[in-house]
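Peer 1: kindly generate the corresponding structure for this input.
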Amino acid sequence: MADFENVTKAVVPAAGLGTRFLPATKATPKEMLPIVDKPAIQYVVEEAVSAGLLDVLMVTGRHKRSIEDHFDVAYELEDALRAKGDEERLSQVQELVDLATMHYVRQGEPKGLGHAVLCAKQHVGDEPFACLLGDDLIDPRDPLLKRMIEVRGTYGGSVIALMEVPREQVSLYGCAAIEATEQDDVVRVTDLVEKPPADEAPSNWAVIGRYVIDPAVFEVLENTPPGRGGEIQLTDALRTLASRGSDEGGPVHGVLFRGRRYDTGNKLDYLRTVVQFAAGRDDLAPEFIPWLREFLDQAGS
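Peer 2: All right, here's what the predicted structure looks like:
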């Protein structure tokens, strides 16, 4: 575990336009869409913090100011809650400010995930770092990121999160060619392919939005030409690192994740996520679940 303590920074790309959720995202960042009563981006930051990453860099773009405001002090709101004696909600908004040390950098123009990660180079420096994508929410009961940091401490290099998906869905993801290791939940990644046709995918193990990355990725990204969709792909850079030895920023390992993941990347999955989170809340479930059952019974009749 020699390198465990060195992973202290998290990078959260949040510069996308969120076009799948228009018109709601015309003036509101998709990362600020609520999952019950917290924006999606807050769950991501809380996950980073729970894994011991208290330094968080948000890679943003234009019209993303509300993300910064969410994690900043809101004096007028605090004063209003204090005057009402609403200590519970006052505590909730104050905890956001102390959640992590937040930093922000603008991507400028969306040139892909690889370019967003490259925007973090100056802040991250020569350290391994975690990268968390906001479209994927990992259940707090499944400490995936902590496990990935442990694996980085054992093997060095980079670590990606892999989840098994049905063959017909592999074209939606980056997919990995893998080899077993002595640990049941850890594999060596020998190749990565971004969104392959189902009949060309090297496996059913898809890359989901959690990474622990060696700083050698920055040099690779600077020399990675635009790939699929004319964007600089992080998958392409990790593929390069997967072929390298430990003295050059490699290798790449994968953690096989079999836990609970929630997708907020499209409208249907977003709605599923909201329902699942609401059904798991002690303060909402007793009333929400009976109502949902009744609604479904009526809808099916």
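Peer 1: how far does stretch 197-208 stretch from start to finish?
Peer 2: The first residue of stretch 197-208 is 17 Å away from its last residue (Cα to Cα, to the nearest Å).
Peer 1: show me where the stretch 1-150 of the chain has its helices.
Peer 2: 40-50, 65-70, 75-84, 87-98, 113-118, 121-124, 144-155 (DSSP state H, counting those that start in this stretch).
Peer 1: got TSV for these, with distance to His253 and mean pLDDT too?
Peer 2: (Glycine included, C-beta is placed from N, CA and C.) Compiled in TSV, the helices of the stretch 1-150 of the chain are given as follows (distance: least, Cβ to Cβ, whole Å; pLDDT from 0 to 100):
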stretch	distance to His253	mean pLDDT
helix 40-50	20	95
helix 65-70	31	92
helix 75-84	44	93
helix 87-98	34	92
helix 113-118	18	93
helix 121-124	20	95
helix 144-155	5	94
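Peer 1: winner for burial among those helices?
Peer 2: Stretch with highest mean neighbour count among the helices of the stretch 1-150 of the chain: helix 113-118 (a mean of 24; mean count of other Cβ atoms under 10 Å).
Peer 1: contacts for whichever helix in the chain runs longest?
Peer 2: Counting residues, the longest helix found in the chain (DSSP state H) is helix 285-300. Residues outside helix 285-300 that contact it (Cβ atoms under 8 Å, 6 or more residues apart in numbering) are 275, 278-279, 281.
Peer 1: pick the one among those closest to Asp185.
Peer 2: Nearest to Asp185 among the contacts of helix 285-300: Ala279, at 27.7 Å, using Cβ to Cβ.
Peer 1: who's in contact with that closest one?
Peer 2: 285, 288-289, 292.
Peer 1: ok, back up a step: could you work out the most separated pair of the contacts of helix 285-300?
Peer 2: It's Val275 and Arg281 that sit farthest apart of the contacts of helix 285-300, by Cβ to Cβ, at 11.0 Å.
Peer 1: show me where the stretch 151-300 of the chain dips below the pLDDT cut-off.
Peer 2: Low-confidence segments of the stretch 151-300 of the chain, defined by pLDDT under 70: 228.
Peer 1: compare the contacts of helix 285-300 and tell me which has the most neighbours.
Peer 2: Within these, neighbour counts (other Cβ atoms under 10 Å) peak at Ala278, which reaches 18 neighbours.
Peer 1: on that earlier part again, could you export the helices of the stretch 1-150 of the chain as TSV, including distance to Thr25?
Peer 2: TSV is the format used below for the helices of the stretch 1-150 of the chain (distance: least, Cβ to Cβ, whole Å):
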stretch	distance to Thr25
helix 40-50	12
helix 65-70	11
helix 75-84	23
helix 87-98	22
helix 113-118	17
helix 121-124	26
helix 144-155	26
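Peer 1: and of the ones you listed, who's closest to Cys175?
Peer 2: It is, among the helices of the stretch 1-150 of the chain and with distance given as Cβ to Cβ, helix 113-118, at 15.6 Å.
Peer 1: lovely, talk soon.
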